[in-house]
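Engineer: Predicted model follows, preceded by the sequence.
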Amino acid sequence: MHNIKLTLAYDGTHFHGWQSQPGKPTIQGALNDVLRKITQEKVIVHGAGRTDAGVHARGQVGHFRTHSEMTPQEFQRAFNALLPPAIRVLAAEEVGPDFHARWLARGKTYHYRIFRGRVVPPFDWRYVLHYPFPLNEDAMAEAARLFEGEHDFTSFAASTGCDDDDRERSMTREIFSSEVLRSAGASGEEIVYAVRGRSFLRYMVRKLVGTLLDVGKGKFTPADIPRLFELRDRAASGWTVPPQGLCLISVDYAEPWRVGSGQ
């Protein structure tokens, strides 16, 4: 049995998120369909994170186990020949049997792009939130740093849709870094919220961005962030911004987990 790790990029605009859903186009579903064609096995690609509908990725990681003797490079070529052009396999490698894309991930980095100019370039509109109105960006940057550390993020996450699951899941998450940055792009009319953490709750990054925008508009101040944590009330925090500005940039692992690495 071979364990193959994939590094993936995709435009999530026309997909209903990562996770397979009957009758709906998803990233995982497209990958599984290709794998079953080329291996004649019922193979499942497991992802590091379940990105939501409309969310993009530049560095998603997945893995699958197969009896096929195809090389990782042959898998990569087959995927890219048969997948829709909105999904690309950037790299493929064989890894040790214990590697799991989701359970061994040590950190994930997301970026959310906010375009500040008056007119969004046609090449960017699918990948940004357009907000050309006044914002106190210094206050937003100050508030963003207060998300760092280990906190109960109940106020900054959506319900799973199941009361039992909501009661049983831990709402505590650790954020390693949280920053509001001016884009280095050619226009200079963009800010990016960059956040890195071990894992994230449903819609968590999008609600953090919505709260930061409310800070920028003056609805909240940075001093309100600790109070929002204490309230544990998702209705008290900012709005959930649209998905198109969000992109999974990278996933980190503690070890290379390559075959022959001793793992």
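Structural biologist: Alright, I've got the coordinates. These figures come from a predicted structure and were not determined experimentally.

Engineer: Return the set of buried residues in stretch 137-144.
Structural biologist: E137, A139, M140, A141, E142, A143, A144 (16 or more other Cβ atoms under 10 Å). All C-beta spots, glycine's among them, are computed from the backbone N, C-alpha and C.

Engineer: Show me the contact partners of it.
Structural biologist: Contacts to stretch 137-144, defined as Cβ atoms under 8 Å, 6 or more residues apart in numbering, come from residues 178-180, 182, 191, 193, 195, 208, 211-213, 215-216, 220-222, 225.

Engineer: can we see that at 7 Å?
Structural biologist: If you take Cβ atoms under 7 Å, 6 or more residues apart in numbering as the criterion, stretch 137-144 is touched by S178, E179, V180, I191, Y193, L212, V215, G216, T221, P222, I225.

Engineer: Which residue ranges of the stretch 1-150 of the chain form strands?
Structural biologist: 2-10, 46-47, 56-66, 87-95, 105-115, 129-130, 149-152 (DSSP state E, counting those that start in this stretch).

Engineer: Mind checking the ones you listed for the one nearest to A254?
Structural biologist: Checking these against A254 by Cβ to Cβ gives strand 105-115 as the closest, at 5.3 Å.

Engineer: Give me the angle between the closest one and strand 56-66.
Structural biologist: 150 degrees (axes from the mean of the first three to the mean of the last three Cα atoms, to 10 degrees).

Engineer: Just list what strand 105-115 packs against, helices and strands only.
Structural biologist: strand 129-130, strand 190-197, helix 204-217, strand 246-253 (3 or more Cβ pairs under 7 Å, 6 or more residues apart in numbering; DSSP states H and E).

Engineer: Report the strands that pair with it, each with its relative direction.
Structural biologist: strand 129-130 (parallel), strand 190-197 (antiparallel), strand 246-253 (antiparallel) (DSSP bridges).

Engineer: just for the chain, where's the confidence low?
Structural biologist: For the chain, residues meeting the criterion pLDDT under 70 lie at 160-168, 184-188, 256-263.
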